[in-house]
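K.L.:
model the structure of this input:
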Amino acid sequence: MKKTLLILLLLIAAKADAQMTFSKLNTGTKTELKGIAATDSNTVYACGDTGIIIKTTNGGTSWTKLTTGTTNPLWDIKIVPGSSGQQIVAVGDNNTILKSTNGGTSWTMQTPPTPANTFIFGIYCADANTYYACGGSIATSSAIVLKTTNGGSSWTLTNVSSAFFLDKIFAQGSSIYTVGTGSLSGDGVILKGNGTTYTSSKSAPAVVSNLWCIDANRVIGVSTNGSIWRTNNGGSTWTDKSPSFFGELFGIKFRNNAEGFVCGVLSGNTAILRTTDTGLTWTNIAVADTIGLLAIEIAGNRVYTCGEYGTVMKSTISNTNSIQHTAIATKKIYPNPATDIITIDGGNAQQTTIYNIIDGTGRLIMTGSITGTGSINISALASGNYTISFSEDAAIYQFTKR
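P.N.:
Residues are numbered from 1 along each chain as shown. Model prediction:
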């Protein structure tokens, strides 16, 4: 018999963001860090100039500089879903795509079919084998999108003439969104495609530097003039939801479909913004610094952000700076308890959703994607209680592994 799980209380941040504080960590480097990714609340990677990748396994108390084999600047880094944190992909200048299959101990340079001196600025791992990357080619003066369906063993190239450079990319089911620079004049663009062709969804007055897809219809892009562009209808129309002050925004990450963070520089000061209503409104978290922040990551209840001068900052989302709301369950998970397979029932048959499984200590231990009703193999998990959340669902569910 199918069994609906009891809903845990979803923590949604209050407007009293002054209670949430960010501390600066000692990374041991002054090299600019452009991308950040976490496998759990303690294990974090950051990449940046001169090919640097640093790693912590203790929540930022200490960091290790990894041997990457390149001096090319690295712009983005992602954990491959379903790899238990062992597979990581980083991208950068001069056609650079690096992949590790052993938690960063060693890295292999992949060979994309791009012209010489191509900049690869963004990477998105949709599942264990399908990745998208984006950037731009000086040789062709146009943007490019790369796709692999075999974990990077081979890549296909799409030249995108409707943009000059593309900074970041995000796949939501069959809809692929990518953002960047529209032309040499420095205007911004948001494109929507199907993996083969891409057309303009939004032209903006400044570079759109990053984006997040809550689902296939609700997408948010951040811009270098402080704009926060949001669509509620799959890109047919866009509205600027930015606060009323000037700045540059570069990083964006959502914890669930309601709560998210943006980082950058606003009015000459370090900027971290927070939303608890799917990006409709944003509040500024006070940070007493002027460092420019370029990327942001969320793992469990921890938020990490990185940027100039080797900076990594960390904060914890706790009950003291959150308000509890009860979310409405939209899914059934069964059997519960389970030994090897759990079935997720109730998803949109046409929509791919990302799931995160967290253990009792708050560690993110498994992530992946399913479309509609699907199954997740949990046989590798230790016995115990776990929570699972979905990218398009505000509820957090619980199951027991026997």
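K.L.:
domain parsing for the chain?
P.N.:
13-321, 324-401 (automatic domain parsing).
K.L.:
so which of these is the most surrounded?
P.N.:
Comparing the domains of the chain by mean neighbour count (mean count of other CB atoms under 10 Å), domain 13-321 comes out on top with a mean of 20. All C-beta spots, glycine's among them, are computed from the backbone N, C-alpha and C.
K.L.:
distance from the chain centre to that domain, please.
P.N.:
Between the centre of domain 13-321 and the centre of its chain there are 6 Å (CA atoms, centre = their mean, to the nearest Å).
K.L.:
start the count at 5 instead of 1 going forward.
P.N.:
Let's use 5 as the start, then, which means that last one is domain 17-325.
K.L.:
can you tell me which of the domains of the chain has the worst average pLDDT?
P.N.:
Ranked by mean pLDDT, the domains of the chain end with domain 328-405 at the bottom, a mean of 77.
K.L.:
please compute how far that domain lies from its chain's middle.
P.N.:
19 Å.
K.L.:
distance of residue 158 relative to residue 67?
P.N.:
For residue 158, the distance to residue 67 equals 34 Å [CB to CB, to the nearest Å].
K.L.:
skip the chain neighbours and tell me the closest residue to residue 68.
P.N.:
residue 59 (5.2 Å; CB to CB, 6 or more residues apart in numbering).
K.L.:
mind checking which helix or strand the one you found is in?
P.N.:
strand 57-60 (DSSP states H and E).
K.L.:
need the next SSE after that strand, C-terminal direction.
P.N.:
strand 68-69.
K.L.:
partners of the helix or strand just after that next one in the sheet?
P.N.:
Downstream of strand 68-69, the first helix or strand assigned by DSSP H and E is strand 78-83. Using DSSP bridges, strand 78-83 pairs in its sheet with strand 92-96 (antiparallel).
K.L.:
what's next to the partner strand, contact-wise?
P.N.:
39, 41, 49, 51, 55, 57, 72, 74, 76-84, 100-104, 107-108, 111, 123-127, 129, 135, 137, 139, 156 (CB atoms under 8 Å, 6 or more residues apart in numbering).
K.L.:
verify the stated contact: residue 144 with residue 163.
P.N.:
Yes. Judged on CB atoms under 8 Å, residue 144 makes contact with residue 163 at a distance of 6.2 Å.
K.L.:
who's in contact with residue 35?
P.N.:
By CB under 8 Å, 6+ apart, the contact list for residue 35 reads 52-54, 56, 314.
K.L.:
at 10 Å what do you get?
P.N.:
If you count contacts by CB atoms under 10 Å, 6 or more residues apart in numbering, residue 35 has them with 50-56, 58, 69, 77, 312-314.
K.L.:
I'd like the residues you listed as JSON lines, with distance to residue 250 appended.
P.N.:
Formatted as JSON lines, the contacts of residue 35 follow (distance: CB to CB, whole Å):
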{"residue": "50", "distance to residue 250": "27"}
{"residue": "51", "distance to residue 250": "28"}
{"residue": "52", "distance to residue 250": "26"}
{"residue": "53", "distance to residue 250": "26"}
{"residue": "54", "distance to residue 250": "31"}
{"residue": "55", "distance to residue 250": "33"}
{"residue": "56", "distance to residue 250": "30"}
{"residue": "58", "distance to residue 250": "31"}
{"residue": "69", "distance to residue 250": "36"}
{"residue": "77", "distance to residue 250": "27"}
{"residue": "312", "distance to residue 250": "19"}
{"residue": "313", "distance to residue 250": "22"}
{"residue": "314", "distance to residue 250": "26"}
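K.L.:
wait, which of the residues you listed is closest to residue 361?
P.N.:
residue 50 (23.8 Å; CB to CB).
K.L.:
and that closest one, what helix or strand is that in?
P.N.:
Assigned by DSSP H and E, residue 50 falls within strand 48-52.
K.L.:
and that strand with strand 92-96, angle?
P.N.:
Angle, strand 48-52 to strand 92-96, by axes from the mean of the first three to the mean of the last three CA atoms, to 10 degrees: 20 degrees.
K.L.:
report all helices and strands that strand 48-52 contacts.
P.N.:
The contact analysis (3 or more CB pairs under 10 Å, 6 or more residues apart in numbering; DSSP states H and E) places strand 48-52 against strand 37-42, strand 57-60, strand 78-83, strand 92-96, strand 297-303, strand 306-311, strand 316-320.
K.L.:
got the angle for the third one vs strand 37-42?
P.N.:
In terms of direction (the same axes, to 10 degrees), strand 78-83 departs from strand 37-42 by 0 degrees.
K.L.:
then the longest one?
P.N.:
Relative orientation of strand 297-303 versus strand 37-42 (the same axes, to 10 degrees): 0 degrees.
K.L.:
quick one: strands adjacent to strand 297-303?
P.N.:
strand 306-311 (antiparallel).
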